[in-house]
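A.B. asks: coords below, sequence missing:
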């Protein structure tokens, strides 16, 4: 009955009545196999382990070579003679051990990680920065930092990071080749659930990406009287297909179905996964966590850890202080030009909400003849009559935002983060858009992910704000120091960053 029902509902159903779409493999009875087949099976079995060791060894070679190369570059280009090569080798070895240790602990050398091309640069950037900060801290604690030249250490940092990114890119390509040549086994996935949810997976095995082979979709009848029989057939199919993973595509509220499903598949060697509810699909950072004796699903990324906050604050101080020193004379000239162009102060101060919705006074070059800072603030529009002659140019080039480097140096803002809106606009949208307040989970920024994607200028309706909000929350949930560097680069060179600026 289950077979006939499944065949009627899913026209692509193979004769077993259990596999839909995908490449359903039905192993026959065990028999003797030729040596070449047994050899290939052994290679596929041990390939992920060998790949992990090869990836770690590749990182070790790159890091150690980068340390030596940085020292040689320093000697040749700058004529320096320190540190000695033996000290460089010892430092390179220490960094190598730490990078491999941190990467292994985070599971970075898993073959499945290299089969996902996205995020390689970000993960490498995070590990490299963490290790380098620890390395510098150890050097300071042991009073050995004087042995290393700052130039050679900076060269080691840059050469090492670039080398790691390039090597990991090569390892990604190697993982692709191994998969295409069938030297590694893709993880075999079976999905079990009700008809409406399984219909979304039928004929779309490509949605799972590389390294995952959808071998079967198994339909459960939504009737408690048939669940036991359907699960017996499903468990047999999981064994027959030799599945690595079973995904239960069942609403979380259906405890009476999930519990017998779990009991049935616990008898198989496959890993069991529970499909995320539709509500959770928009929360990419959802994780299972323990809260003392309690268990819970964390649906939002926690605010940055202490180490990440220190890293970001150090970055803000370095960038803002350097920029203020270099641009100081230019900023003074702009202030003088504003005073000559129209009556009023050079700087405009306005109260805005910062981290945790704490108010602060933001600095901007004055670009208008009015300085609104009350319960009603009218946003600037294209060809706004309130703009001064010089103000239009300053806003179009974003020069009016440069005084916020002072806010970043003081710690009220960050160089990169969601742009702070006028308090009147915050109060308007915090009630209209339920996710709006999450923008304040990080410090506001001088530039941000929404701005470099072209979300600037006048906000005419809620849809305009939604587009900006989606990008701001992406930044909140996916922060990394590399993302900050990327946004700064795009702020200067991307045409989108200057579109709609008025």
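C.D. replies: Yep, that arrived. These numbers were taken from a predicted model, which means no experiment stands behind them.

A.B. asks: state the helix or strand in which residue 223 lies.
C.D. replies: Using DSSP states H and E, residue 223 sits within no helix or strand.

A.B. asks: tally of neighbours for it?
C.D. replies: The tally of other residues near residue 223 (other C-beta atoms under 10 Å) stands at 8. C-betas here are computed from N, CA, C, even on glycine.

A.B. asks: how about it, phi and psi?
C.D. replies: Phi and psi for residue 223, reported as degrees, to the nearest 10, are phi -150, psi 120.

A.B. asks: centre of the chain to stretch 156-168, how far?
C.D. replies: 19 Å (C-alpha atoms, centre = their mean, to the nearest Å).

A.B. asks: give me the residues contacting it.
C.D. replies: 55, 58-59, 61-63, 65-67, 69-71, 73, 91-92, 95, 99, 114, 120-121, 124-125, 128, 132 (C-beta atoms under 8 Å, 6 or more residues apart in numbering).

A.B. asks: do stretch 259-269 as well
C.D. replies: With contact meaning C-beta under 8 Å, 6+ apart, stretch 259-269 is reached by 192, 220, 227-228, 231-232, 234-235, 238-239, 243, 246, 248, 250, 272.

A.B. asks: are any of the contacts of stretch 156-168 buried, and which?
C.D. replies: For the contacts of stretch 156-168, a neighbour count by 16 or more other C-beta atoms under 10 Å gives the buried set as 55, 58-59, 62-63, 66-67, 69-71, 73, 91-92, 95, 99, 114, 120-121, 124-125, 128, 132.

A.B. asks: counting contacts, what elements does the helix of greatest length in the chain pack onto?
C.D. replies: The residue-count maximum for a helix in the chain (DSSP state H) belongs to helix 35-78. Applying 3 or more C-beta pairs under 8 Å, 6 or more residues apart in numbering; DSSP states H and E, one finds that helix 35-78 contacts helix 85-105, helix 111-114, helix 150-180.

A.B. asks: distance to residue 413 and mean pLDDT added to those, as a markdown table?
C.D. replies: Formatted as a markdown table, these follow (distance: least, C-beta to C-beta, whole Å; pLDDT from 0 to 100):
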| stretch | distance to residue 413 | mean pLDDT |
| --- | --- | --- |
| helix 85-105 | 31 | 85 |
| helix 111-114 | 35 | 83 |
| helix 150-180 | 26 | 86 |
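
A.B. asks: show me the strands in the stretch 151-300 of the chain, by range?
C.D. replies: With strands called from DSSP state E, counting those that start in this stretch, the stretch 151-300 of the chain shows them at 187-193, 212-219, 245-249, 271-274, 287-291, 294-298.

A.B. asks: can you say which of those strands is nearest to residue 411?
C.D. replies: Taking C-beta to C-beta, strand 294-298 is the member of the strands of the stretch 151-300 of the chain nearest to residue 411, at 27.4 Å.

A.B. asks: low-confidence ranges, this protein, go.
C.D. replies: 1-44, 78-84, 143-149, 202-210, 277-286, 300-302, 370-384, 500-502 (pLDDT under 70).

A.B. asks: distance from stretch 152-168 to the middle of the chain?
C.D. replies: 21 Å.

A.B. asks: residue contacts, residue 224?
C.D. replies: Neighbouring residues of residue 224 by C-beta under 8 Å, 6+ apart: residue 256.

A.B. asks: check the one 10 residues further on too.
C.D. replies: With C-beta under 8 Å, 6+ apart as the criterion, the residues that contact residue 234 are 18, 190, 192, 218, 220, 264-265.

A.B. asks: if we use 7 Å, what do you get?
C.D. replies: Taking C-beta atoms under 7 Å, 6 or more residues apart in numbering, we find residue 234 in contact with 192, 218, 264.

A.B. asks: repeat that for residue 462.
C.D. replies: Contact partners of residue 462, counting by C-beta under 7 Å, 6+ apart, are residue 432.

A.B. asks: try 10 Å this time
C.D. replies: 428-429, 432-433, 469 (C-beta atoms under 10 Å, 6 or more residues apart in numbering).

A.B. asks: now, those that are in helices?
C.D. replies: Judged by DSSP H, the contacts of residue 462 include 428-429, 432, 469 as members of helices.

A.B. asks: of the residues you listed, which is the most crowded?
C.D. replies: Neighbour counts for these were taken using other C-beta under 10 Å; the highest belongs to residue 469, which has 20 neighbours.

A.B. asks: so that residue touches residue 426, yeah?
C.D. replies: No: counting by C-beta atoms under 10 Å, residue 469 does not reach residue 426; the two are 11.8 Å apart.

A.B. asks: anything in contact with each of those two?
C.D. replies: Common neighbours of residue 469 and residue 426 (C-beta under 10 Å, 6+ apart) are 436, 439.

A.B. asks: could I get the ones in helices among the contacts of residue 462 as CSV with distance to residue 199?
C.D. replies: CSV is the format used below for those (distance: C-beta to C-beta, whole Å):
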residue, distance to residue 199
428, 41
429, 37
432, 35
469, 32
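
A.B. asks: in JSON lines, list the strands of the stretch 151-300 of the chain along with mean neighbour count.
C.D. replies: Shown next, in JSON lines, are these (neighbours: other C-beta atoms under 10 Å):
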{"stretch": "strand 187-193", "mean neighbour count": "24"}
{"stretch": "strand 212-219", "mean neighbour count": "24"}
{"stretch": "strand 245-249", "mean neighbour count": "21"}
{"stretch": "strand 271-274", "mean neighbour count": "14"}
{"stretch": "strand 287-291", "mean neighbour count": "10"}
{"stretch": "strand 294-298", "mean neighbour count": "10"}
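
A.B. asks: Throw the ones you listed into CSV and include distance to residue 400, thanks.
C.D. replies: As requested, the strands of the stretch 151-300 of the chain are exported to CSV (distance: least, C-beta to C-beta, whole Å):
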stretch, distance to residue 400
strand 187-193, 53
strand 212-219, 50
strand 245-249, 52
strand 271-274, 51
strand 287-291, 41
strand 294-298, 39
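
A.B. asks: out of these, which gets nearest to residue 361?
C.D. replies: Minimum separation from residue 361 across the strands of the stretch 151-300 of the chain (C-beta to C-beta) falls at strand 294-298, 34.5 Å.

A.B. asks: work out the gap between that closest one and the centre of the chain.
C.D. replies: The answer for strand 294-298 is 22 Å, by C-alpha atoms, centre = their mean.

A.B. asks: beyond it, next helix or strand please.
C.D. replies: helix 306-341.

A.B. asks: for that next one, list every residue counted as buried.
C.D. replies: With the criterion 16+ other C-beta under 10 Å, helix 306-341 contains buried residues 308, 311-312, 315-316, 319-320, 323-324, 331, 334-335, 338, 341.
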